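Peer 1: pasting the structure only:
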């Protein structure tokens, strides 16, 4: 059933009421809600995976791994907020002798922003969907979530939401803290609703930009944390090519075809030295010979993939290195061009092919790489394949300017969930400077509030001198970290 605008309004109203009830929950209580959701997903894994297999054309092993990742992320976020680090509790006591004149008592902490609208992605039905990074980090921040299901796996979305809601209810979370809506009308109304204070989105550039513009056009504009994709360029130096050409090409073949090329971090561009086209074709053909093709996620995505590949190969100066097809389960396609062609037409570097296809760009001299990098738009990732003695400092600095994650001698597919992870990048990769993966994702849905000269008894718990929640506090510029259960005082000071 498709959600009506009236029903959407009821869901947002309920979410706001739940936010008001739950916003002052202590970190341990909130962490227990996330743990309950993680356990609920684990307990319902068989039914969830079976439903996902039916709807997504993704294999059972991949889906089980993705569900495991989703559960792990929930528990990592629970541990993060349990420590109170995300609150950034900062206390400046009154100081009559402060260097710029007398300072009042100032105390600042991060507070949740309110109701968050989250949009599910098609290519990761667990990790970037109903209880993916956006929903999980928003709940961790203390927000309520209204999730817009992706039409590509609606049955799975409904089943997942039922599991999440049941788990939150059993854990004592406020009713309405999480809900699911479906359909385009509800999606647009979700972005428009005055009680919605932020949007998290993973999807196409066109769809994301339309919603981003809508969020900005509201009477009260709200932040739109959109991941819109990327080309994820890989640069190979001459010495690395000489030392490891076949190894690099084999790794490239495995990476751009992983998950049928439907990962947002798929390497869509490979810059290599010119002069070995026939050898490159031979190695790639061999590396792709045993490729097990599968259906793409949906007929609409399949048609978009076909069109994007045909559009790119139709350009003058682009030829076919490895011939694929557009069958129901398409075989991989590798296209080829030169650095001279892309300098004449930089748009060749900006055509995302969402499926098992990629473009090899041959350059004449390694000195061209910095200029070629300058032709790229914002990327989620960029990669350098180089040897230890290669001086790529200028190239690496340029890549850091245009991407959120820079890899050395690796491949961008595979985004671990951790503390230092950053899954984002300059536009059009994303619409913000933040990450949607890892513990830092929580901070998107927080905002700082400072309290000046408040009576001690009226301060929020994290800012009280007694520190009843036992969270880290920065007092007069010095971090004080309380000892947590099972932790020594020495290790607390080092944390």
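Peer 2: Yes, it's here. From a predicted model like this one, the values you see are computed outputs, not experimental measurements.

Peer 1: Buried residues of stretch 446-464, list them for me.
Peer 2: Residues 446, 451, 459-464 are the ones in stretch 446-464 that count as buried (16 or more other C-beta atoms under 10 Å). Yep, even glycine has a C-beta here, placed from its N, CA and C like the rest.

Peer 1: Paired strands for the helix or strand containing residue 179, with orientation please.
Peer 2: Per DSSP states H and E: residue 179 is located in strand 178-181. Strand 178-181 sits in its sheet next to strand 144-148 (parallel), going by DSSP bridges.

Peer 1: What is the subsequent helix or strand relative to the partner strand?
Peer 2: Following strand 144-148 in sequence order, the next helix or strand is helix 154-170 (DSSP H and E).

Peer 1: Low-confidence stretches in this protein?
Peer 2: Residue ranges of the chain with pLDDT under 70: 484-495.

Peer 1: coming back round to it: centre of the chain to the strand holding residue 179, how far?
Peer 2: 20 Å (C-alpha atoms, centre = their mean, to the nearest Å).

Peer 1: Need phi/psi at residue 264.
Peer 2: Recorded main-chain torsions at residue 264 are phi -70, psi -20, according to degrees, to the nearest 10.

Peer 1: What about it, how many residues nearby?
Peer 2: Using other C-beta atoms under 10 Å, residue 264 has 24 neighbouring residues.

Peer 1: Contact partners for it?
Peer 2: 123, 202, 227, 229-230, 380 (C-beta atoms under 8 Å, 6 or more residues apart in numbering).

Peer 1: what number of residues lie near the closest residue to residue 298 other than its chain neighbours?
Peer 2: Sequence neighbours aside, residue 152 is the residue nearest to residue 298 in space, at 5.1 Å (criterion: C-beta to C-beta, 6 or more residues apart in numbering). Using other C-beta under 10 Å, residue 152 has 20 neighbouring residues.

Peer 1: same check, this time on residue 63
Peer 2: Residue 63: 22 neighbours (other C-beta under 10 Å).

Peer 1: Can you name every helix or strand that the stretch of helix or strand it belongs to contacts?
Peer 2: Per DSSP H and E, residue 63 falls inside helix 60-83. The helices and strands touching helix 60-83, judged by 3 or more C-beta pairs under 8 Å, 6 or more residues apart in numbering; DSSP states H and E, are helix 27-43, helix 45-56, helix 133-141.

Peer 1: Run the chain-centre distance for stretch 322-340.
Peer 2: Counting by C-alpha atoms, centre = their mean, stretch 322-340 comes out at 27 Å from the chain centroid.

Peer 1: actually stretch 107-126, not the one I wrote
Peer 2: Relative to its parent chain, stretch 107-126 has a centroid offset of 11 Å by C-alpha atoms, centre = their mean.

Peer 1: distance between the ends of it?
Peer 2: 39 Å (C-alpha to C-alpha, to the nearest Å).

Peer 1: go on, stretch 321-341?
Peer 2: 16 Å.

Peer 1: Report the buried residues of it.
Peer 2: 321-322, 324, 326, 330-339, 341.

Peer 1: which residues touch residue 310?
Peer 2: Counting by C-beta under 8 Å, 6+ apart, residue 310 has no contacts.

Peer 1: how about the strand or helix carrying it: buried residues?
Peer 2: If you go by DSSP H and E, residue 310 is part of helix 299-313. Neighbour-count burial for helix 299-313 flags 301-302, 304-306, 308-309, 312-313 (criterion: 16+ other C-beta under 10 Å).

Peer 1: ditto for stretch 264-283
Peer 2: Quick answer for stretch 264-283 (16+ other C-beta under 10 Å): 264-273, 280-281, 283.

Peer 1: which one of those residues is nearest residue 249?
Peer 2: Nearest to residue 249 among those: residue 283, at 4.5 Å, using C-beta to C-beta.

Peer 1: give me the element the closest one is part of.
Peer 2: Residue 283 belongs to helix 277-287, assigned by DSSP H and E.

Peer 1: how many neighbours does residue 477 have?
Peer 2: When counting by other C-beta under 10 Å, one arrives at 8 neighbours for residue 477.

Peer 1: Contacts only, for it.
Peer 2: Neighbour list for residue 477: residue 92 [criterion: C-beta under 8 Å, 6+ apart].

Peer 1: Phi, psi for it please.
Peer 2: Here is the backbone geometry of residue 477 (degrees, to the nearest 10): phi 90, psi 0.

Peer 1: From residue 451, how far off is it?
Peer 2: Distance from residue 477 to residue 451, counting by C-beta to C-beta, to the nearest Å: 18 Å.

Peer 1: and the chain, what are its domains?
Peer 2: 5-228+432-446, 233-408 (automatic domain parsing).

Peer 1: Burial-wise, tell me which of those domains comes out on top.
Peer 2: Among those, domain 5-228+432-446 has the highest mean neighbour count (mean count of other C-beta atoms under 10 Å), at a mean of 20.
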